[in-house]
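Participant: missing the sequence, but the structure's below:
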């Protein structure tokens with residue numbers, strides 16, 4: 001499984017980039033996504049602490065064609081689970097799902113190779129593979145990113 005994290009400031013265009021990468025990567029295999037969020041959204045109105053929550057970014061990823069979407073927040077992991085899971089556990093879960101390409105949104109301090117979008121400074125220095133200075137990615141740049149992801153070595157998942 002090839003894994004890449006897309007990190008950047010809020011509204012830097014992370015989900016939009018992922019949304020455009022998914023259909024291109026699907027031409028080469030099964031695609032999964034993991035979204036790190038302070039608060040998750042859901043595909044339908046779901047009661048949570050007395051309020052109704054609705055899906056947003058994760059629905060966009062699924063609508064773009066991802067075969068599996070996991071959303072992670074401090075409160076729970078979306079895939080019916082109600083507890084937070086560690087990134088290594090989620091990577092292993094995606095591997096069991098048979099995902100060929102995993103795009104992770106967030107987890108800037110992880111050991112994953114990263115595409116860094118504008119607005120994020122020193123926090124994501126580790127394993128920066130590509131750095132984008134703008135959120136508008138051309139078709140040619142998108143093809144370059146896909147070719148880069150295809151060239152990655154398979155990620156070795158370590159579960160403690």
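Facilitator: On my side now, so go ahead. Source: prediction; values computed, not measured.

Participant: pretty sure residue 103 contacts residue 15?
Facilitator: No. Using C-beta atoms under 8 Å, residue 103 is not in contact with residue 15, being 10.2 Å away. Where you see a C-beta, it was placed from the backbone N, CA and C, and this is true even at glycine.

Participant: for those two, indicate the residue with more neighbours.
Facilitator: Neighbour tally, residue 103 and residue 15, criterion other C-beta atoms under 10 Å: the higher count belongs to residue 103, 27 against 19.

Participant: what secondary structure does the more buried one sit in?
Facilitator: strand (DSSP: H, G, I helix; E, B strand; the rest coil).

Participant: check contacts around it.
Facilitator: Counting by C-beta atoms under 8 Å, 6 or more residues apart in numbering, residue 103 touches 3, 4, 5, 6, 18, 21, 22, 25, 31, 32, 33, 34.

Participant: you'd agree the third one is up against residue 111?
Facilitator: No. Using C-beta under 8 Å as the test, residue 5 is too far from residue 111 to be in contact (9.4 Å).

Participant: circling back to that earlier point, looking at the contacts of residue 103, which are in helices?
Facilitator: When DSSP state H is applied, these are split such that 18, 21, 22, 25 fall in helices.

Participant: let me have these in CSV, adding neighbour count, pLDDT and distance to residue 64 as columns.
Facilitator: Conversion of the ones in helices among the contacts of residue 103 to CSV gives the following (neighbours: other C-beta atoms under 10 Å; pLDDT from 0 to 100; distance: C-beta to C-beta, whole Å):
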residue, neighbour count, pLDDT, distance to residue 64
18, 24, 95, 8
21, 25, 96, 9
22, 23, 96, 4
25, 24, 97, 10
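
Participant: and those residues, which is closest to residue 73?
Facilitator: The nearest member of the ones in helices among the contacts of residue 103 to residue 73, counting by C-beta to C-beta, is residue 18 at 17.1 Å.

Participant: can you tell me, leaving aside adjacent residues, what's nearest to the closest one?
Facilitator: Computed as C-beta to C-beta, 6 or more residues apart in numbering, the closest residue to residue 18 that is not its neighbour in sequence is residue 103, at 5.2 Å.

Participant: right, I'll leave it there.
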